[in-house]
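Trainee: Below is the structure, and that's it, no one-letter string:
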């Protein structure tokens, strides 16, 4: 099989995570989140976030997590504000609308929301005399890092949070690739800071070394009432919750989560260099997703050597292509990529 | 930790399943159901069902599967008929109603639906002149084996199917514990027969040796159009679909699925014998769940020795208790149980 | 056309209501509930209920009102408890489930819920260790009078309310035929008392003299936040809200609402007498719906003379039939019915 | 009260409509759409549309109608394509999303959708390899006339319909103000043509002379199966359906519907002239809604004399204001407006 840079979910579990699954396999445990590993993992995450009162739940995948958290935190008549390119707006088959909530869109700036535009929109909304005929905004949803690999600065998040507070909106941060954002050289805050600057977020496991699993964190013990029922109602309650618990227990032991992310970032920077050295332009990205502008001819030739995703057509002759690294990316993979680039 | 007979989901994966996860971990694969193991597992299941055209999808858990299949197969205005004790009616936090569908209930006969009662209900429904004011029944949902451990005979299922055909209802069989039903000494049909006597069913993995995973089978290639979008919309599409694919590939190799079930049944029969020998009454059950009528005093004393679930109070002094076996139940566990019973 | 006792919604508006529509037709007004008649009607209803702080909204029909109020007052994961025969459970095409809420059913006693059974159910629910897998009850729904013409006593409602308070459930009273219940000789309370013994109720207009319209009352100003948006989201916000406002303004002027109900009840008692005198058995009912046990032969013969509804088959030879009176029922209608009965 | 140009729903019913309600008030009738006037009105509409097989249903209001029709015609996983300014996207409090469907937006061109942009979007959508992660478009929704008073040409609708046919999308036309669009001098087709160029549309009554009521037309007898149940499930089934039936019977007798619209258009053109003569700019509109660009000073002064709606701020000093005419607009009203304009 060809070396793949298609995604960070086309490999198995990080070896440490797998080993922990092996080591614990014969032990019996409670289920539905009450197993000892889940409890242990929750405590490790509370410590890592410096949020001793945090409510933490382990769900299976990103779309499920977004729909469950958004539906759980919103009133039925409320909508969620997100940028046009947001995962919930584009790539979740309408899972949020399936729960009855409108996704209200603002412009995307390289994947990011602008606090000023958010505030202007809210100001106009509240000035509208026909407010009873509209969807009431109840939450702001941002992704960190964004779908386009960009990262918010602490100041940008502070500004968004400040608008949320003024307009009584909740702030939810989708961290499907959280580790990569925190490990980015552009990131000027840490996990604990993030946890203290939102109302809910999740720590993505699937794309950062686990087989599956996302850890939802309500930092101030502010989970919606009966959240377990909400999770169950969304079909998101794992019977063998150990599957998530064991993996997160491993990810939050000895900095594994951070180490995985740093390795992937380091590999991604090398991918950048390979393209830059070859005079091929890339979009700015300091995370594990690199977006390369290829001519269609380059794209086809490169596909002979390695696997990657086409992202979007740029014009008749150019295509934006995505190269992603993960815990599993090796120096050997980079050599293979280099060879492929050399043929262009 | 005490020996547990609480459930068939408080242990890890069957060793063969785990081994396959280990063996494949470093291989890269496609995602979202397009990985090679999922494709291989689908083929093995098609063969086992003798349904070469079957559409097969791997989801994560039972409630999620029920909601996704029911919502996917029904029109918005249709409801699903089930018995009072049905899992979807009692233990899924309203996941079916969350999709907008009413669960219409019929009496439960030891967990089973009676074809005659079903037909009588449908006849009365269609005779009602106010049909436009009612929920149109679109599907019959039964569980095999039932939540109470009972199994339908081939004749009983044929009769239910026949009513469904006459009234243009779909028949969906929840097989969360399918293996145990098929391995029951009372079962007079096999997997292939079942697949040919319904419109959809699922093969439960979570409770029969896997860490997670349920295989939904549309036997005649009759999956609803765009079913993948439906799965995604329900937050049920695994990114690393290999997790389900590898496990089902293993379960359907060398009869592992059947062997696991047979082992559990064999252990369950020994559990039965231990109680019977001690003069303690049990409900009829030929599957891996045994329901024992204990005095409250017996119950408390037995809890000193082993773990099990209380099912429901019978009267002021008696409680129905559930003892469940699985691939992980050993002769040693039985010895522990015997010792505990001997103290009564 | 034959004289009809089929329903209380097969005639037009009460003449006073119609006249008020005529008198106000050429006046311009605000819309969406902000017209002067709606405001005036709200004040008259507040006075009639002795609830000066009540929030009042005018919706169009019963099913719409039930779905909007129930969905507006419940959290997404909550269900509503009702008796088996409840309108929301039987005759609303799943409108409540369409909003994602389960209707949890208790036995019906002539249409009524028993406070003791309610409490027993709630006690068992809260003792269940698998509560996270279940629908949380959030509301009790009763109808006054019931679908079967029976009326709760003050003591019965007090007991239900008391259980609701102990278990933190809301009490919602469907008053589609409220006037007839209050005018019943069996009723031992008035509108104001009712308003002070629930969390929400509605005053049915459609079946008590209006062309359409139901007045939802939140007695303590306890309407859910943004309830107008909730109403709009359910497609229940009248643009020309004057249509409802003018009608309720009329209904709550000079005791018209009560007078309509009393007239209908008086006619219904005469209907009772006609059947009783003829030796034909009726079910107990002190409201405007009378349920008569006819032989099928009597039923067919009676249908030659007057129109009425068959309610349900009793056995092979008997059918329960419904005769309903309204503001429009006249002494002449009764004569026609008498003649028809005389032929039996 | 000041003369109002605020909306076409702040007056009562057209006198002919009211008279028909008066004339029929004492007659008894069937309910839930089975009354004789509803049947008669359906036949008159079938004739007017030259669609002898049309399925026709009378609902109460616009938002309700949009949600019911869209939800009834779409599969659960499908979305509806509309322009940014579409009523369903902006002013229905998320009623479409409440049914689980995403509103997919395209740019608005004076309220209209561009067939070329629609096709380009669909082409890109179907070329996207991640289609399983997206909302499948199932319908195109346009308004005629648009929310901004503009009207599509026959050619423009033909082009949109042609794209819909190629991509297997349904075309639904929101005709809340249909009469005014058809009566516009710019409109180059008639009601029958429209009925033959879509899959469903509705004839707005509320804004064209009725107290309430919208007539949904499925021109080829192509109503979704069990549409009455769908209507009931949405709380949109009138018990006293005569209320809608009588009104539409009147509106489709002696061309009343067209005459009402033509009167309003004629008045609107005079409103235009008053502003134009005063040198005040208006947006293009050939229907009964006129959008005037006023300085804020003009706006405030004009408000002393007449009522109208502010539509949206244009800049710090200018506001777009809406003036609407209806059956009730008189020459006297125009004189009042003229006087108010003369003061500027």
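Mentor: Received, thanks. Nothing here was measured: the structure is a model prediction, and the numbers come from that model.
Trainee: Give the helix, strand or coil label for the closest residue in space to residue A:326 that isn't next to it in sequence.
Mentor: Of all residues not flanking residue A:326 in the chain, residue A:8 sits nearest, at 4.0 Å (CB to CB, 6 or more residues apart in numbering or on different chains). (Glycine included, C-beta is placed from N, CA and C.) Secondary structure state of residue A:8, per DSSP: H, G, I helix; E, B strand; the rest coil, is coil.
Trainee: Could you list the residues of chain A in contact with chain C?
Mentor: Residues of chain A lying close to chain C by CB under 8 Å from any CB of the partner chain are A:32, A:71-72, A:75-77, A:99-100, A:131-136, A:225-226, A:228-230, A:232-233, A:237.
Trainee: Of those residues, which ones also sit close to chain B?
Mentor: Among the residues of chain A next to chain C, proximity to chain B is found for A:229, A:230, A:232, A:233, A:237 (CB under 8 Å from any CB).
Trainee: what's the closest of those to residue A:215?
Mentor: residue A:237 (14.4 Å; CB to CB).
Trainee: Just give the closest residue to that closest one, not the sequence neighbours.
Mentor: Nearest to residue A:237 is residue A:231, by CB to CB, 6+ apart, at 4.9 Å.
Trainee: just checking, that neighbour touches residue A:58?
Mentor: No - counting by CB atoms under 8 Å, residue A:231 does not reach residue A:58; the two are 9.4 Å apart.
Trainee: Just give me how far stretch A:277-291 sits from the chain centre.
Mentor: Relative to its chain's centre, stretch A:277-291 lies at 19 Å (CA atoms, centre = their mean, to the nearest Å).
Trainee: could you point out where chain A is predicted with low confidence?
Mentor: Residues of chain A meeting the criterion pLDDT under 70: none.
Trainee: the strands in it, which residues?
Mentor: Secondary structure of chain A (DSSP state E): strands at A:3-4, A:55-59, A:78-83, A:103-106, A:136-143, A:170-174, A:200-204, A:214-218, A:289-295, A:306-307, A:309-313, A:318-324.
Trainee: just to revisit the earlier point, the residue nearest to residue A:326 against residue A:210, yeah?
Mentor: No - under the criterion of CB under 8 Å, residue A:8 makes no contact with residue A:210, lying 10.9 Å away.
Trainee: Tell me which residues touch whichever residue of the stretch 151-300 of chain A sits closest to chain C, please.
Mentor: As assessed by CB to the nearest CB, chain C sits closest to residue A:228 within the stretch 151-300 of chain A, at 4.1 Å. Contacts of residue A:228 were listed using CB atoms under 8 Å, 6 or more residues apart in numbering or on different chains, and they are A:32, A:33, A:57, A:237, C:132.
Trainee: Let me know the closest of those to residue B:306.
Mentor: residue A:32 (20.3 Å).
Trainee: Quick check: the gap between that closest one and residue A:240.
Mentor: 9 Å (CB to CB, to the nearest Å).
Trainee: Between those two, which is the more surrounded one?
Mentor: Using other CB atoms under 10 Å in any protein chain shown as the criterion, residue A:32 and residue A:240 rank with residue A:240 on top: 25 against 19.
Trainee: Was I right to think the more buried one contacts residue A:30?
Mentor: No - using CB under 8 Å as the test, residue A:240 is too far from residue A:30 to be in contact (10.2 Å).
Trainee: overlap in contacts of these two?
Mentor: With CB under 8 Å, 6+ apart as the test, residue A:240 and residue A:30 both reach residue B:10.
Trainee: where exactly do the helices run in the stretch 151-300 of chain A?
Mentor: A:154-166, A:178-183, A:191-195, A:227-233, A:242-251, A:256-277, A:296-305 (DSSP state H, counting those that start in this stretch).
Trainee: Let me know which of those is the nearest to residue D:250.
Mentor: Comparing the helices of the stretch 151-300 of chain A against residue D:250 with CB to CB, the closest turns out to be helix A:227-233 (47.8 Å).
Trainee: can you tell me how far the residue nearest to residue A:237 sits from residue C:155?
Mentor: Distance from residue A:231 to residue C:155, by CB to CB: 41 Å.
Trainee: okay, the two: which has more neighbours?
Mentor: More crowded of residue A:231 and residue C:155, by other CB under 10 Å: residue A:231, with 28 against 11.
Trainee: re the thing from before, give me the buried subset of the residues of chain A next to chain C.
Mentor: By neighbour count, with 16 or more other CB atoms under 10 Å in any protein chain shown, the residues of chain A next to chain C hold A:32, A:71-72, A:75-77, A:99-100, A:132-136, A:226, A:228-230, A:232-233, A:237 as buried.
Trainee: returning to what we had before: the helices of the stretch 151-300 of chain A into TSV, with extra columns for distance to residue A:320?
Mentor: As requested, the helices of the stretch 151-300 of chain A are exported to TSV (distance: least, CB to CB, whole Å):
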stretch	distance to residue A:320
helix A:154-166	24
helix A:178-183	19
helix A:191-195	28
helix A:227-233	36
helix A:242-251	31
helix A:256-277	13
helix A:296-305	10
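Trainee: wait, which of those is closest to residue D:202?
Mentor: Of the helices of the stretch 151-300 of chain A, nearest to residue D:202 by CB to CB is helix A:227-233, at 34.6 Å.
Trainee: just how off-centre is the closest one within its chain?
Mentor: 22 Å.
Trainee: how many other residues sit next to residue A:255?
Mentor: 12.
Trainee: count of residues packed around residue A:111?
Mentor: Neighbours around residue A:111, by other CB under 10 Å: 22.
Trainee: what about the closest residue to it other than its chain neighbours, distance to residue A:156?
Mentor: In space, and not counting its chain neighbours, residue A:111 is closest to residue A:146: 2.8 Å by CB to CB, 6+ apart. To residue A:156, residue A:146 is 11 Å away according to CB to CB.
Trainee: Was I right to think residue A:31 contacts residue A:240?
Mentor: Yes - Residue A:31 is in contact with residue A:240 according to CB under 8 Å; the separation is 6.2 Å.
Trainee: what is in contact with those two at once?
Mentor: Contact criterion CB under 8 Å, 6+ apart; residues shared by residue A:31 and residue A:240: B:9, B:10.
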